[in-house]
Each structure stands twice: as C-alpha cells, then as structure tokens.
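> curious how this folds, go ahead:
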Amino acid sequence: MNRAPTASRDDNRAPMNQVAAPSPAEQAAKKSWREALAAYLLPESRRMLALGFAAGLPLLLVIGTLSFRLREAGIDRAEIGYLSWVGLAYGFKWMWAPLVDRVPLPFLTRTLGRRRAWLLAAQAGVMAGLAGMALLDPRTQLAALVLCALLAAFASATQDIALDAYRIECAPQEQQAALAACYQTGYRLAMIWAGAGALWLAGATEEAPAGALRAYDNTGWMWAYLAMAASMLVGVFTVLRAPESAPPEGAPAAVSAPPQGSFWQRALRWLRGSFVAPFAEFFARYGWHAALLLALIGTYRISDVVMGVMANPFYVDMGFTKLQVAAVTKTWGVAMTLAGAFVGGALALRFGVMRVLMLGALLAAGSNLLFSWLAALGQPNVLALAAVVSADNLAGGIASAAFVAYLSGLTNIQYSATQYALFSSLMLLGPKLLAGFSGVFVNAFGYQRFFTCTAALGVPVLALIWLAMRAQEKPEKT
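Numbering: from 1, shown residues only. Reported below is the predicted structural model:
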C-alpha cells in the first residue's frame, strides 16, 4: 500500500521569502546521538542502500572501466577522450527530467506507481546497455559498443532522476541526511564492484594462456560486463518490493496533456506545466536569493572535482605502482569515503545541514593542501599516500552527505525530479568545464602549485555558504 501523504511534509519547505529550504529542519529540535544513528536502521535507509548500489554501478562501466578496456584493445587515446563525452548524459539529465516527473509509462505506472515505474524501466535500459557492451568487441564493433554505452548512460541518468525524486518523497526532511548517507554507501560499494571488481573478473575469466604476453582478450571483458548487468538485479528486486512514494497534496498528476482545447493548446499547456513551471517555481519561491543558491550549488564541489582529474596522473608521475594505487585509493579510500558519509549524515542530523555544509567545504578544500605536501616529497611513499587519501576521502564523504541533504531540501516536492536533476547537473557542469584545463596548468606550474590553487578555489564557496546561512536567518523584505 502506498504511503499516505502527511501534512507536515509541506511544512518542511521554506517560506516564500527565505533562502534555504533546509531551514525548517535546522529549526527542529536537535536529536540525540542514539536517535540520529537509529535513522540508519529504518526501512527507507536500507532500501536506499540497495538503490544507491544500482545507481552507482553504471557510472564507471561507461566511463572509467570502459576507458581501461578500450585502451587495452588498442583504441587511440584521442578517441577514448572523445568517447568520454558519453558521460555528458549525466550533466544534461535535467533536459528530460520533466518527462520523468510527469509522463506515465504504459502499463508500468498503473501497476507500480510513477516513481517505481521509471526506476524499473531505467534499470532495464542499463542492463540492456551493459549486456550489449559485453557482447561487442571494441576492436571491430566500436561504434555499436559506443551506442550501447550511450544507452546505459542515458538509462543510468534517468534512473538518477527518478531515484532522487523517490528519495526526497519517501521520507520527511529530517531523515534525508541519513538517506543520503545510505545512498552514497551503496553508490560507493557499486563503484568498487564496477571498478576493481570488473577488472578482476575480466582478468580471471580471460582465455589467454598463463604466462602469455599481455594481449586484449574480449572473453574476459564479456563475462565481466555480463556480471555487471546481472548485478543490476539488486536494484530491480528492491524496486519491486519497495512501496511507492506518495506525492504530496497538490502535486501535479502524471499526465500526457490536458484534455481541453486544440492539440497545440494542449501541447503548450503541457510544456508549460512540465518544463517551465518547475524552474519558474524555484525562482518565484526564492526571488533574488535563487542566484545565491545556484552559485553555491555550482561551486560547492569545485575543489575536489578540479583536483580529481589530475589525481591519477599525479600517482603515476610520482612513481606509485598500479597495485599501490588500487589498494590505497580504490579500497581504503572508498572505505574512508563511506565513513565520511555516515559521519556527515549523523552530524547533519545532530547539528543541522548548514553547519555541516560549511564544515564539509572547509575540509574538502583543505585536504587538497595535503596533496601539495605529498607532491613536495618528490618520491613515492605509500604511508604518506594512505594518510592523504584517508583525509581527502573522509572530508569528501562528509561534504557529499551534507550537500545531498541540502539539495534535497531545496526542491519543491511537487517538482522534485526536475528540480533535483537541475541542481545535481549544475553541481558538475562548471567544475567539469574548468577541470578540462587542469593538465595545462600542471604542465606550466607543477603539481604543488596546482593542488594549492585547487584548495584556494574553495574559499569563495565558504563565503557563499556564510551568505546563505545569513539569508536563511533573515527573511527577505518585501
């Protein structure tokens, strides 16, 4: 049975003239540590762990792991760079988010509900794309393989849209930090499986004879990608067993077009309600403060996103081996990110989202200075690498948990899918664009100055958070 909407859900949104929607949660009575930690044991949190795994699985398989596979197959590095644009599907998902928000799917919506129908359809698309990538050889069928990767990326981005909306709608605002932490935990576990796990499976199932010179073997990659496609069943079973989230009172129904008027009049009204209304509502709700919020969203992760592009080249240039980097960054580093996500979620429940948002931004920017120190060593030191990666990933987990909870609170639940897709896309577009020039900067000035400058990029973010906190405390005068 569907969850019944509660009147308090609408009360959890900011008044028209206040800045940050999380403000009512900030004003709520602070929870004890026991109550804060108990939020992780709720059914919604356990479901979000599994759905986070389904959301995180495709990302590396269509970008990072795929680039390793293509290079091993002899594909030119320039081509691999161009093919990384497959990942732009995640940056432009806001363009079709209104469709996910309002358009029903034949048969599925009537049976499963609006959110679960889109989740299941997207997961089926991801499985189909990954299975196609498994069965194709990039040496002779590269174009077809790329089309399958596009299908998987598009379906994965669509799953993100529906899942973000489902998470926001399935629990009240005070639980969102815990749900965000569980989501990130599942997401990170999936990235370990799709990264290190896929590489291990490809190597373990390849048919090259033992001791043979390293050569591309598509058989190993076929079984690895088929295993990844099968792993999406974790999300499928969770969707089938989960209750449908209840839309709030007054939310727009899923419709194909209003029935009155001519075809063009109905189409225009539908476009206005699906595409224009979600964005117009956000600007109407926050007024000039919307510019402040969008600036904060677009820059919050700028330090670590820009730095992250040069992280792997830095490890190689420092002389760390593949096994050292894999053990420290892909295993231990992910564990520290998970710890940070749980710490960030608990801190947000205990002290409020905005305070932890400030803490996360400060730690994420400051941890880049540790990479500058590591570069100054001039030679590989595994213990130093482990210490720096621990601090960086712990800071990133705290920042991510607080930021996801913050974005969730900014959305109007009537347009949760569209607005959250806009926010999460905006979060990456600017930093990713700037990050494209990171290699040029390193070539000109070196790693030490690069990491120091990426830390400095976080200073304006601290100012924006401070302004948002001040504006949240004081309603806009009209």
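
> against Leu377, how distant is Val442?
Distance, Val442 to Leu377, by Cβ to Cβ, to the nearest Å: 17 Å. Where you see a C-beta, it was placed from the backbone N, CA and C, and this is true even at glycine.

> what about those two, which has more around it?
Taking other Cβ atoms under 10 Å, Val442 and Leu377 do not tie; Val442 has more neighbours (19 against 11).

> tell me the contacts of the closest residue to the more buried one other than its chain neighbours?
Nearest residue to Val442, sequence neighbours excluded (Cβ to Cβ, 6 or more residues apart in numbering): Phe450, at 4.9 Å. Counting by Cβ atoms under 8 Å, 6 or more residues apart in numbering, Phe450 touches Met307, Met310, Ser438, Phe441, Val442.

> again, 7 Å this time
Met310, Ser438, Phe441, Val442 (Cβ atoms under 7 Å, 6 or more residues apart in numbering).

> how near is it to Phe314?
In terms of Cβ to Cβ, Phe450 sits 9 Å off from Phe314.

> over to Thr238?
38 Å.

> look at those two and report which has more neighbours.
Each of Thr238 and Phe314 has its neighbours counted (other Cβ under 10 Å); Thr238 has more, 22 against 18.

> that one and Arg47 touch, don't they?
Yes - the pair Thr238 / Arg47 is scored as a contact, 5.8 Å apart, by Cβ atoms under 7 Å.

> can you pull the phi and psi angles for the residue nearest the centre of the chain?
The centroid of the chain falls nearest to Ser424 when counting by Cα atoms, centre = their mean (7.2 Å). The phi and psi values for Ser424, taken as degrees, to the nearest 10, are phi -70, psi -30.

> now swap in Phe92 and tell me
phi -120, psi 20.

> which residues touch the residue lying closest to it once chain neighbours are set aside?
Leaving aside its sequence neighbours, Phe92 sits nearest to Ser425 (Cβ to Cβ, 6+ apart; 6.6 Å). Contacts for Ser425 were tallied using Cβ under 7 Å, 6+ apart; they are Gly91, Phe92, Lys93, Trp94.

> secondary structure element for Ser425, which one?
helix 416-435 (DSSP states H and E).

> now Tyr166: which helix or strand?
Take DSSP H and E as the rule and Tyr166 turns out to sit in helix 142-169.

> centre of the chain to that helix, how far?
The chain centre lies 12 Å from the centre of helix 142-169; the measure is Cα atoms, centre = their mean, to the nearest Å.

> which parts of stretch 232-243 are buried?
Buried residues in stretch 232-243, counting neighbours by 16 or more other Cβ atoms under 10 Å, are found at Met232, Val234, Gly235, Val236, Thr238, Val239, Ala242.

> just the residues contacting that stretch, thanks.
1-3, 47, 50-51, 53-54, 57, 116, 119-120, 123, 126-127.

> CA atoms of it as PDB?
Listed next in PDB are the C-alpha coordinates belonging to stretch 232-243 (Å, rounded to 0.1, in the frame of the first residue of the first chain):
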ATOM      1  CA  MET A 232      21.600  -4.500 -11.500                       C
ATOM      2  CA  LEU A 233      19.100  -7.100 -10.300                       C
ATOM      3  CA  VAL A 234      19.800  -5.800  -6.800                       C
ATOM      4  CA  GLY A 235      18.000  -2.600  -7.800                       C
ATOM      5  CA  VAL A 236      15.300  -4.400  -9.700                       C
ATOM      6  CA  PHE A 237      14.300  -6.600  -6.800                       C
ATOM      7  CA  THR A 238      14.400  -3.600  -4.400                       C
ATOM      8  CA  VAL A 239      12.100  -1.500  -6.700                       C
ATOM      9  CA  LEU A 240       9.600  -4.400  -7.000                       C
ATOM     10  CA  ARG A 241       9.500  -4.900  -3.200                       C
ATOM     11  CA  ALA A 242       9.500  -1.200  -2.200                       C
ATOM     12  CA  PRO A 243       6.400   0.900  -1.600                       C
END
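
> from now on call the first residue 801
Sounds good: first residue 801 from here, last item stretch 1032-1043.

> I'd say Val926 and Ala955 touch.
Yes - using Cβ under 7 Å, Val926 is in contact with Ala955, at 4.5 Å.

> the two - which one has more neighbours?
Taking other Cβ under 10 Å, Val926 and Ala955 do not tie; Val926 has more neighbours (29 against 23).

> OK, contacts around the more buried one?
Pro858, Ala952, Ala955, Ser956, Gln959, Met1032.

> ok, now which ones touch the second one?
For Ala952, the residues meeting the contact criterion (Cβ under 7 Å, 6+ apart) are Pro858, Leu861, Val862, Val926, Gly929, Leu930, Met933.

> over to Thr1099?
Gly1230, Pro1260, Val1261, Leu1264.

> please tell me how far it sits from Phe1203.
The value you get for Thr1099 to Phe1203, if Cβ to Cβ is used, is 11 Å.

> Ser1225 now?
14 Å.

> which residues of the stretch 801-950 of the chain score low on pLDDT?
Filtered on pLDDT under 70, the stretch 801-950 of the chain yields the residue ranges 801-841, 871, 877-878, 880-882, 884.

> helices of that one, start to end?
807-811, 823-827, 833-838, 843-862, 864-872, 877-883, 888-891, 897-902, 908-912, 914-935, 942-969 (DSSP state H, counting those that start in this stretch).

> for the helix or strand hosting Leu1174, what does the pLDDT average out to?
Applying DSSP H and E as the criterion places Leu1174 in helix 1153-1177. Helix 1153-1177 carries an average pLDDT of 91.

> which strands and helices sit next to that helix?
helix 823-827, helix 1102-1109, helix 1133-1151, helix 1182-1210, helix 1247-1256, helix 1259-1273 (3 or more Cβ pairs under 7 Å, 6 or more residues apart in numbering; DSSP states H and E).

> nearest to Ala1161, out of those?
Checking the helices and strands packed on helix 1153-1177 against Ala1161 by Cβ to Cβ gives helix 1259-1273 as the closest, at 4.9 Å.

> in that closest one, what counts as buried?
Of all the residues in helix 1259-1273, those buried under the rule 16+ other Cβ under 10 Å are Val1261, Leu1264, Ile1265, Ala1268, Met1269, Ala1271, Gln1272.

> show me what it is packed up against.
Partner elements for helix 1259-1273 (3+ Cβ pairs under 7 Å, 6+ apart): helix 1089-1099, helix 1153-1177.

> and the ones you listed, which is most packed in?
helix 1153-1177 (a mean of 21; mean count of other Cβ atoms under 10 Å).

> can you list the residues that contact it?
820, 822, 825-826, 977, 1100, 1103-1104, 1107, 1144, 1147-1148, 1184-1185, 1188, 1191-1192, 1195-1196, 1198-1199, 1202-1203, 1205-1206, 1209, 1247-1248, 1251-1252, 1254-1255, 1258, 1261-1262, 1265, 1269, 1272.
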